[in-house]
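> quick check, what structure comes out for this input:
(chains A, B, C and D)
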There are 2 protein chains.
Amino acid sequence: MAGRRSGGRRATIHDVAAEAGISRGTVSRVLNNEPYVSDTARRAVQEAVAKVGYVRNAAARNLVTQRSRAIALIIHEPHSLVLEDSNIGNILIGTNSVLSGADHQLVTLMIDSQRDSDRVVEYLRGGFVDGAIILSARTGDPISAAIAEMDLPASMVGHPSDAPDIPFIGIDNRAAAEAIVRRLMATGRRRIGMLASGLDRDSGQDRLLGFTAALGDAYDPDLVVRHQFYSYAAGMEGMEELLARDPSIDGVFAASDAVAAGALDVLHRRGVVVPDDIGVIGFDDSSWALRCTPALSTVRQPAETLGGLAAQQVLDQLSGVDFERALILPTEIAWRESA
Amino acid sequence: MAGRRSGGRRATIHDVAAEAGISRGTVSRVLNNEPYVSDTARRAVQEAVAKVGYVRNAAARNLVTQRSRAIALIIHEPHSLVLEDSNIGNILIGTNSVLSGADHQLVTLMIDSQRDSDRVVEYLRGGFVDGAIILSARTGDPISAAIAEMDLPASMVGHPSDAPDIPFIGIDNRAAAEAIVRRLMATGRRRIGMLASGLDRDSGQDRLLGFTAALGDAYDPDLVVRHQFYSYAAGMEGMEELLARDPSIDGVFAASDAVAAGALDVLHRRGVVVPDDIGVIGFDDSSWALRCTPALSTVRQPAETLGGLAAQQVLDQLSGVDFERALILPTEIAWRESA
DNA sequence: AGACTTTCTGGGAACGTTCACAGAGTAAAA
DNA sequence: TTTTACTCTGTGAACGTTCCCAGAAAGTCT
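Next comes the predicted model:
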């Protein structure tokens, strides 16, 4: 790395050594915080570094250490949804901040097609990254399988049932869904429907399971509308369908805030008053929630922390320290006006 | 880069050379598509590469070429806004796709504070990237100044009036704003206000200029409410203020779709019917536009193309070919139901 | 034929680190 | 005193490329 820019050559470790009147090896030891360096030497190096404006050449370091100091964040969603889902954005922010603190680069890889998927696997095999974080993995995901097979240090946010033995971090979607649906039931609703989405991954499945568990005997499969994506559009279509199936419905659990937002808009256009006529709850507590009218009651999940801890799991594998291979973070209910 | 994973050592250029029965130098020439290589040699190398599963070691290449093959994308916005503004997301997608096509990495750097800003300047000086793309630069931006001074190949999306001599790409915010405001006037509105935002950068200033130009004599400075960010919250506050200043207002130009969305929600809560009572127009044609009720009339700007061309400008500087230093892309009006 | 020119190939050197090893100096234990 | 252990330092080698130069081979012009 490090091209020579205005003002000639960049300083190298040799320049620092010469300036400090000390050998290359000792400079390297100081730079890497290794023991067995005298205080005088350490100070001399620090001064020399400041004086000559030395910055370590990453390429040279990577070459000899056989590491890239880069971690991939694999986002398995259509582009349009990535922008719509602020959860992903928050995870990204958390990941980025932990990685940059540990002097690692985040490389974001988006998968939007089969071609992308193959390209990503090839990229990972190319050894351009030391580890990977997998977001929104589906069941039967070829990427996870490839990562497990080449045993690249990795971490998944969420945990598909058939996932290979990869460490993961997530929330208890089932319990959280059950809790908020019970809360909705406690407001006296009798006919509660669900707008289920993301059923190709654990989060979607578990939220549906939580829903059925909460309803118990009152569960009516007819009141569950399924859709592929956690999207605003899915919420609109699903809500129309739900109303068509049973106009007497008085509660709706949307699998995500974006879905809930779509549902709210349909209800509003039809003149159905929320929460008077129908109570609506969502999931995520994303930026949608406060923007909805009325403000959405939803489940808050710590997306940024999720991303940060996933990064930490990968870093821990890299440094060989012990770590928890399965982390479940707590959620809480944010109860507002929509139910 | 390229750590040794399961199955021993990775293949190097030497393995390819040995397999092809040819020298290292020739293999390198084939890999880099250089001339002066015989067809037989070329074919032999290609076969050998496939056979031994060779992938070029990026660190070694970067070390000797003194390049990092990485380009920074500098996003100068609060985190929360980055997620809210789908324009940024689309620019990012465009940039990423052009760069990865040219075998370069995109490194996203977000600036949310003065500390971040210093850190970024230091990062750029460190030579970790070969070039930079600057998003949403403000007037008096220290990053642009630093980049110009160390003459790092760069490109700006947008163009602050005081910007140093850095190539840029953008749209004609002034003309586009003027055009859509004129269209709004053509619907018979007499009292038109503006929710101005982002006045610390060219886009915000120019949209305001376009607004005043369109109104001409009808322009009333009292009907312009200013806010710092292009945000939903700014739209809400601004709309309240505008209504307070003049309840007889019948048209609003919001500086962005997010701002317009906030305004629409306030109007709705107050029982003001759009577009019957007030016509509302936005700017960007982001994902907000179709999600609003009613669907927003707005200016479509080619965000993804903008990002892609900015990346191309940087790549062109790197390869030394001629390129256009100032590009203005056309916009179009997306006229829907909100006005 | 001879003298150029062009095409093609091989191998030394360099890029800037880290790592392992050898050895010097010093302190503690026998 | 000798032995053993520990702390600290310098240096050669290696990481895997690209670049450059020298020279061979082939083609073209007098």
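> give me every residue in the stretch 201-339 of chain A lying close to chain B.
Within the stretch 201-339 of chain A, the positions near chain B by Cβ under 8 Å from any Cβ of the partner chain are A:Tyr232, A:Ala261, A:Asp265, A:His268, A:Arg269, A:Ser287, A:Arg291, A:Thr293. To be clear about C-beta, it is placed using only N, CA and C from the backbone, and glycine gets the same treatment.
> show the buried residues in the residues you listed.
Among these, those buried by neighbour count (16 or more other Cβ atoms under 10 Å in any protein chain shown) are A:Tyr232, A:Ala261, A:Asp265, A:His268, A:Ser287, A:Arg291, A:Thr293.
> quick one: contacts for the residue of the stretch 151-300 of chain A at minimum distance from DNA strand D?
Going by Cβ to the nearest atom of the strand, DNA strand D is nearest to A:Leu152 of the stretch 151-300 of chain A, at 17.4 Å. Counting by Cβ atoms under 8 Å, 6 or more residues apart in numbering or on different chains, A:Leu152 touches A:Leu124, A:Val129, A:Asp130, A:Gly131, A:Ala132, B:Arg5.
> narrow those residues to those that are buried.
A:Leu124, A:Val129, A:Asp130, A:Gly131, A:Ala132.
> could you report the separation of the first one from A:Pro142?
The reference is to A:Leu124. Look at A:Leu124 and A:Pro142: by Cβ to Cβ, to the nearest Å, they are 11 Å apart.
> next one: the second one
In this structure, A:Val129 lies at 17 Å from A:Pro142, with Cβ to Cβ as the measure.
> which helix or which strand is home to the closest residue in space to A:Ala148 that isn't next to it in sequence?
Of all residues not flanking A:Ala148 in the chain, A:Pro164 sits nearest, at 3.5 Å (Cβ to Cβ, 6 or more residues apart in numbering or on different chains). A:Pro164 belongs to no helix or strand when elements are defined using DSSP states H and E.
> can you give me the neighbour number for A:Thr101?
Actually, residue A:101 is Gly rather than Thr. Residues near A:Gly101, counting by other Cβ atoms under 10 Å in any protein chain shown, number 12.
> what does the one 4 residues further on give?
The tally of other residues near A:Gln105 (other Cβ under 10 Å) stands at 20.
> again, but for A:Ala244
When neighbours are defined as other Cβ under 10 Å, A:Ala244 has 9 of them.
> does it belong to a helix, a strand or coil?
Secondary structure, DSSP: H, G, I helix; E, B strand; the rest coil: A:Ala244 is helix.
> so A:Val98 makes contact with A:Gly308?
Yes: A:Val98 is within contact range of A:Gly308, at 4.4 Å (criterion: Cβ atoms under 8 Å).
> if we can go back for a sec, restricted to helices, list the buried ones among the residues of the stretch 201-339 of chain A next to chain B.
Those of these mapping onto helices are A:Tyr232, A:Ala261, A:Asp265, A:His268, A:Ser287, A:Arg291, per DSSP state H.
> not counting its neighbours along the chain, what's nearest the second one?
It refers to A:Ala261. With Cβ to Cβ, 6+ apart as the criterion, A:Ala261 has its nearest non-adjacent residue at 4.8 Å, and that residue is A:Trp288.
> which positions in stretch A:301-321 come out as buried?
Across stretch A:301-321, burial judged by 16+ other Cβ under 10 Å covers A:301-304, A:306-318.
> correction: stretch A:36-50
Buried residues in stretch A:36-50, counting neighbours by 16+ other Cβ under 10 Å, are found at A:Val37, A:Ala41, A:Arg42, A:Ala44, A:Val45, A:Ala48, A:Val49.
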